[in-house]
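A.B. asks: Following is a predicted model, sequence given first.
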Amino acid sequence: MAKHIQSLERAAAMLRLLAGGERRLGLSDIASSLGLAKATAHGILRTLQHEGFVEQDPGSGRYQLGAELLRLGTTYLDVHELRARALVWTDDLARSSGEAVYLGVLHQHGVLIVHHVFRPDDSRQVLEVGAMQPLHSTALGKVLAATDPVAHAELVDAKREPFTARTVTELDEIERALDLTRAQGYATDNEETFEGVAAVAAPIYDRRRLAVGSVGITGAVERVCRDGELRPELVAAVRDTARSVSRDLGAKPF
Amino acid sequence: MTDTHTGPFIAAIDQGTTSSRCIIFDRDGRIVAVDQKEHEQIFPKPGWVEHDAAEIWKNVQDVVSGAMVKAGASREDILSIGITNQRETTMLWDKHTGKPVHNAIVWQDTRTDVLCKKLGGDVGQDRWRRETGLPLAAYFAGPKIAWLLDNVAGLRERAEAGDLLFGTMDSWVIWNLTGGVNGGVHVTDVTNASRTLLMNLDDLKWNEEIAAEMGVPMQVLPEIRSSSEVYGTVTGGPLGGLLAGVPVASALGDQQAALFGQTCFSTGEAKSTYGTGTFMLMNTGEKLIHSESGLITTVGYRIGDQDPVYALEGSIAVTGALVQWMRDQMGLIKTAAEIETLAMSVEDNGGAYFVPAFSGLFAPYWRSDARGVIAGLTRYVTKAHIARAVLEATAWQTREISDAMIKDSGVELVALKVDGGMTSNNLLMQFLADVLDAPVVRPMVAETTCLGAAYAAGLAVGFWDSVEDLRVNWRRAAEWTPGMDAEVRDREYKNWLKAVERTMGWIDD
């Protein structure tokens, strides 16, 4: 029996290499620094990336340390703390938008709803705290996958079920949607999870600028959309709320 | 927010125990702007707590102008101003100079313990319960006035000469707002007056016999008015420039204001505010109910010249404070919110029950010889079970108060409206619904206290026409539905009551 597991030693060497400087490294640099074949290095990097320990810059294709490493050894944000901080802001979002508000975090390959504010119209509604939503079709899930590399890896692995005719299940197309989410700072779900229901969500960051959750509104298409698009004032309200909660968690102004 | 608020607005001042706040509301009851300022807590001796009333009045002016600026509002936008306040905190000031003659004695202050025992005589703490609805306890204002007059040199003479005015913080703020030494009105509302031990609950007038017995000269007492009417208009002073002529149109003690803000306008509607401690009030309508179960009878509110609405009140000394104690003294959790995470890591309490009778048992037991107990310990019990027992303690204590209210009033609890910091604890709210076997409802505006004062002030000037208008504004943000098996609930309640029994008689007299 070998004394040590070779691939783990190589992975550790890679992490040390990436931790060595500020710069991002390309695949050939990493492979040659460690004296490995490109294919071998790529396999290890892919695994590390899957675990969230390494991230690949989408523009240059270069590698850097991942957010999951920062999470190791540092206290993670308690989801109940997150709910307590979000309470006033989410109430106000429900009140101003007239729609139901949800707060989600990544949990076991999906979005766990940790807070829910009823749509303020006095209709009978059921508290959905504790429910799970899919990553690939919901606005909350897309935001998590776009901002949290661990969520992204989960999304890639997950079975992407088509819930409606509009659900996107092809990975390439989802990646384009996630790129758009990163660029514009929010994600939408236009009848991709339920017929007749649309949603918009934005990311919540903590003081280390790590995405810790997403917040959004969900409502009937007739109310929340105009000309097939989410109404811009609702998008702005959701983003304002996400910023306010992030600020309360100590995130620096955007 | 992206949507814009347009006037007119109502401004509400919340003169609280640790801070003064001003919130400006629009017609839908939504918050337009908030400003807040803390004041110093003065502890001259163990058990004594005081506030500097001059500092408080300065802060009130600051937060009112601060909120006006944040809202971008001008005088024309503000239709009226309402006031809610920490209850029972007592002060005296010189009506010629407008200066407080001593620090205000805060409701938590226990210096009048001995005086209250003396006043109780052979009858004990229930001596004036029939007339005032209150037990003779150190919280209430009357004995605090007597203490000031008897212990601060020269005050009794000045009071008898008619130079001094007494007020709870509502009276002080209204007197200053309406001109102070230049014609300020000296009034209080029925809810604040009902916490003095000096007012008759049935005719809402000062009881001259009790006042004489307590040694409080009638001339220091303010005129008792309703909770919702125009007392006067803003006159003079720095705020005069900003708000001259705006009607000052409501006053309500903080818990009564929360009852009003939660729109508990019908008999049997109840609200519970979960903070460090918990205050539960149930509207009992025009009927004055004398509690057989150790609850306090109080005025809920009175709108203009309508009949007064009464309420039963039960308070729990230790609820959020127990979670804080687990964090600060036991080190079981790092933040208060983590109690839920820890508690959720197990299915149940593992047989453990925590009765936080840290300073005795209050309603409905009133046993000062009781002390805290954790019962039912076995080696199976982990810190997660204890965390669960901590949260369950708040729910069971609410159940005991609610049982007492149902027994006294003969009215079933239809639903419980909740507010306060602990309502963000989902596990607790669900457990509360389970043990009450009634829905627990959280409203969308968390600031129910300020909202209540704003509602009362808006009603007085016709901004809202009736309480029905206000009900329409009330929005449900969340509702927890009971889901516990009756058998489980009964068994758990029985265990809780057994644990409560074990707290009693710990202190030998």
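C.D. replies: Noted; the coordinates are in hand.

A.B. asks: what helix or strand does residue A:115 sit in?
C.D. replies: Using DSSP states H and E, the element containing residue A:115 is strand A:110-117.

A.B. asks: packing partners for that strand?
C.D. replies: helix A:79-97, strand A:100-107, strand A:132-133, helix A:139-147, strand B:476-480 (3 or more C-beta pairs under 8 Å, 6 or more residues apart in numbering or on different chains; DSSP states H and E). Using the backbone N, CA and C atoms, a C-beta is placed for each residue, glycine as well.

A.B. asks: tilt between the longest one and strand A:100-107?
C.D. replies: If I follow you right, that is helix A:79-97. Compare the direction of helix A:79-97 with that of strand A:100-107 by axes from the mean of the first three to the mean of the last three C-alpha atoms, to 10 degrees and you get 150 degrees.

A.B. asks: orientation of helix A:79-97 relative to strand A:110-117 in degrees?
C.D. replies: Put simply, helix A:79-97 runs at 60 degrees to strand A:110-117, going by the same axes, to 10 degrees.

A.B. asks: same thing with the second one?
C.D. replies: Using the same axes, to 10 degrees, the interaxial angle of strand A:100-107 with respect to strand A:110-117 works out to 150 degrees.

A.B. asks: List the buried residues in strand A:100-107.
C.D. replies: Burial within strand A:100-107, assessed by neighbour count using 16 or more other C-beta atoms under 10 Å in any protein chain shown, is assigned to A:100, A:101, A:102, A:103, A:104, A:105, A:106.

A.B. asks: what's the fifth one in contact with, if anything?
C.D. replies: With C-beta atoms under 8 Å, 6 or more residues apart in numbering or on different chains as the criterion, the residues that contact residue A:104 are A:111-114, A:133, A:138, A:140-141, A:144, A:201, A:213-216.

A.B. asks: if I look at it, how far off is residue B:480?
C.D. replies: 20 Å (C-beta to C-beta, to the nearest Å).

A.B. asks: re earlier: for the strand holding residue A:115, the distance to its chain's centre please.
C.D. replies: Remark: strand A:110-117 is offset 13 Å from the chain centroid, using C-alpha atoms, centre = their mean, to the nearest Å.

A.B. asks: Within its sheet, name the partner strands of it and how each one runs.
C.D. replies: strand A:100-107 (antiparallel), strand A:132-133 (antiparallel) (DSSP bridges).

A.B. asks: Adding distance to residue A:32 and mean pLDDT, write the helices and strands packed on strand A:110-117 out as a markdown table.
C.D. replies: Below are the helices and strands packed on strand A:110-117 laid out as a markdown table (distance: least, C-beta to C-beta, whole Å; pLDDT from 0 to 100):
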| stretch | distance to residue A:32 | mean pLDDT |
| --- | --- | --- |
| helix A:79-97 | 43 | 88 |
| strand A:100-107 | 35 | 94 |
| strand A:132-133 | 44 | 93 |
| helix A:139-147 | 32 | 96 |
| strand B:476-480 | 58 | 92 |
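
A.B. asks: burial count for residue A:7?
C.D. replies: 12 (other C-beta atoms under 10 Å in any protein chain shown).

A.B. asks: err, residue B:208, not the other one
C.D. replies: Residues near residue B:208, counting by other C-beta under 10 Å, number 13.

A.B. asks: Same question for residue A:85.
C.D. replies: By the criterion of other C-beta under 10 Å, residue A:85 has 22 neighbours.

A.B. asks: Now for the closest residue to it other than its chain neighbours: which residues touch it?
C.D. replies: Leaving aside its sequence neighbours, residue A:85 sits nearest to residue A:248 (C-beta to C-beta, 6 or more residues apart in numbering or on different chains; 4.7 Å). Applying C-beta under 8 Å, 6+ apart, we find residue A:248 in contact with A:85, A:86, A:89.

A.B. asks: One more: residue A:191?
C.D. replies: Residues near residue A:191 by C-beta under 8 Å, 6+ apart: A:164, A:166, A:197, A:198, A:221.

A.B. asks: Can you tell me which of the strands paired with strand A:110-117 is nearest to residue A:225?
C.D. replies: strand A:100-107 (15.4 Å; C-beta to C-beta).

A.B. asks: now that closest one and strand B:476-480, what's the angle there?
C.D. replies: 50 degrees.

A.B. asks: circling back to that earlier point, need the contacts of residue A:104 in JSON lines (columns: neighbour count).
C.D. replies: Conversion of the contacts of residue A:104 to JSON lines gives the following (neighbours: other C-beta atoms under 10 Å in any protein chain shown):
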{"residue": "A:111", "neighbour count": "29"}
{"residue": "A:112", "neighbour count": "18"}
{"residue": "A:113", "neighbour count": "19"}
{"residue": "A:114", "neighbour count": "19"}
{"residue": "A:133", "neighbour count": "20"}
{"residue": "A:138", "neighbour count": "28"}
{"residue": "A:140", "neighbour count": "32"}
{"residue": "A:141", "neighbour count": "28"}
{"residue": "A:144", "neighbour count": "31"}
{"residue": "A:201", "neighbour count": "32"}
{"residue": "A:213", "neighbour count": "31"}
{"residue": "A:214", "neighbour count": "31"}
{"residue": "A:215", "neighbour count": "29"}
{"residue": "A:216", "neighbour count": "32"}
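
A.B. asks: Would you map the helices across the stretch 401-509 of chain B?
C.D. replies: Using DSSP state H, counting those that start in this stretch, the helices of the stretch 401-509 of chain B run over residues B:426-436, B:448-460, B:467-473, B:486-501.

A.B. asks: Looking at the helices and strands packed on strand A:110-117, which is nearest to residue A:46?
C.D. replies: That would be helix A:139-147 among those, by C-beta to C-beta, at 17.4 Å.

A.B. asks: contact partners of the closest one?
C.D. replies: Against helix A:139-147 from outside (C-beta under 8 Å, 6+ apart): A:102, A:104-106, A:110-111, A:133-136, A:151-152, A:154-155, A:174, A:177-179, A:181-182, A:186-189, A:199-203, A:205, A:211, A:213-216, A:218.

A.B. asks: shouldn't residue B:438 be in contact with residue B:417?
C.D. replies: No - counting by C-beta atoms under 8 Å, residue B:417 is not a contact partner of residue B:438; they are 10.9 Å apart.
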